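Here is a sequence together with a model predicted from it:
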Amino acid sequence: MRTVGRAAAVHEAAGTYTRTAIVLHWVLVAVIFVQIGLGWYMTDLPLGPVRSPYFALHKSLGLTAALLIALRIGWRLTHPPPPLPSTVPAWQARLAHLNHALLYACMIVMPVAGYVSAEFYKYPTRFWGVTLPRWGWENETLNAFFSGLHRYTSYLFVALIALHVAAALMHAWRREGVVSRILRPGRTRG
């Protein structure tokens, strides 16, 4: 067994996530919260020079988030999460798995829809100031469709995040050891 595999097995047996999974989780939490706040804020700004820097930042952060999400999905596929503690009822475990699957779906759909939408807008996409090769063309209908998909997925995503946080708070209040799995590797209770 490889060293990485042994480390993952130790964490799984201990009921904790790996250090990499924990770091990816919390970095993505920060980036996604900034993205959602920035995205909702900038849409109310008037068109023009005041709004443009916010869109540029949102696009760069979104592409960065997409890379981190791909890394997280790759890690998750090769490092299964630890099992939930036996104190969690089966119906809650099923709901948690469904919520996680939908969270991952939103994390895939949102950046892809946002990027595709930008490809059908009149201005090229920039990633931290570097203009990316353009494969799309200016098309108001396609831009509006993918922009709407991006926006409405964000609403679903926020609802799923709220459910995720509410469940985490409930488990933390009950001290079932669920939340401690994502706080620090090696801790199994608290």
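That came through fine.

Which stretches in the protein count as strands?
Using DSSP state E, the strands found in the chain span residues 126-127, 130-131.

got TSV for those strands, with mean neighbour count and mean pLDDT too?
C-beta here means a position set from N, CA and C on the backbone, and glycine is covered the same way. Rendered in TSV, the data for those read as follows (neighbours: other C-beta atoms under 10 Å; pLDDT from 0 to 100):
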stretch	mean neighbour count	mean pLDDT
strand 126-127	15	96
strand 130-131	9	96
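
if I pick His100, what's in contact with it?
With contact taken as C-beta atoms under 8 Å, 6 or more residues apart in numbering, His100 is in contact with His164.

how about 10 Å then?
If you count contacts by C-beta atoms under 10 Å, 6 or more residues apart in numbering, His100 has them with 76, 81, 160, 164.

so of the residues you listed, which ones are in helices?
76, 160, 164 (DSSP state H).

Low-confidence regions, the protein specifically.
1-14, 186-190 (pLDDT under 70).

The residue nearest to Pro111 when sequence neighbours are not counted - how many residues pack around it?
Spatially, and ignoring its direct neighbours in sequence, Pro111 is nearest to Ala66 (3.8 Å; C-beta to C-beta, 6 or more residues apart in numbering). Number of residues near Ala66 (other C-beta atoms under 10 Å) recorded here: 17.

Quick one, which of the ones in helices among the contacts of His100 are buried?
For the ones in helices among the contacts of His100, a neighbour count by 16 or more other C-beta atoms under 10 Å gives the buried set as Leu160.

for the ones in helices among the contacts of His100, which one is nearest Ser180?
His164 (15.9 Å; C-beta to C-beta).

I figured that closest one hits Leu103, correct?
Yes: when contacts are counted by C-beta atoms under 10 Å, His164 is listed as touching Leu103 (6.6 Å).

one step back: turn the strands of the chain into TSV, columns for distance to Ala93.
Output for these, formatted as TSV (distance: least, C-beta to C-beta, whole Å):
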stretch	distance to Ala93
strand 126-127	39
strand 130-131	44
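
Out of those, flag the one nearest Glu140.
Using C-beta to C-beta as the criterion, the shortest distance between Glu140 and the strands of the chain is 20.7 Å, found for strand 126-127.

now that closest one, how far from the chain's geometric center?
20 Å (C-alpha atoms, centre = their mean, to the nearest Å).

Quick check: which helices or strands does that strand pack against?
When contacts are defined as 3 or more C-beta pairs under 10 Å, 6 or more residues apart in numbering; DSSP states H and E, strand 126-127 packs onto helix 52-78.

I'd like to know how far the spatially most central residue of the chain sits from Ser154.
Ranked by distance to the mean C-alpha position of the chain (C-alpha atoms, centre = their mean), the top residue is Met107 at 4.5 Å. Here the criterion is C-beta to C-beta, to the nearest Å. By it, Met107 lies 11 Å from Ser154.

Touching both of these two, which residues are there?
By C-beta under 10 Å, 6+ apart, the residues touching both Met107 and Ser154 are Ile32.
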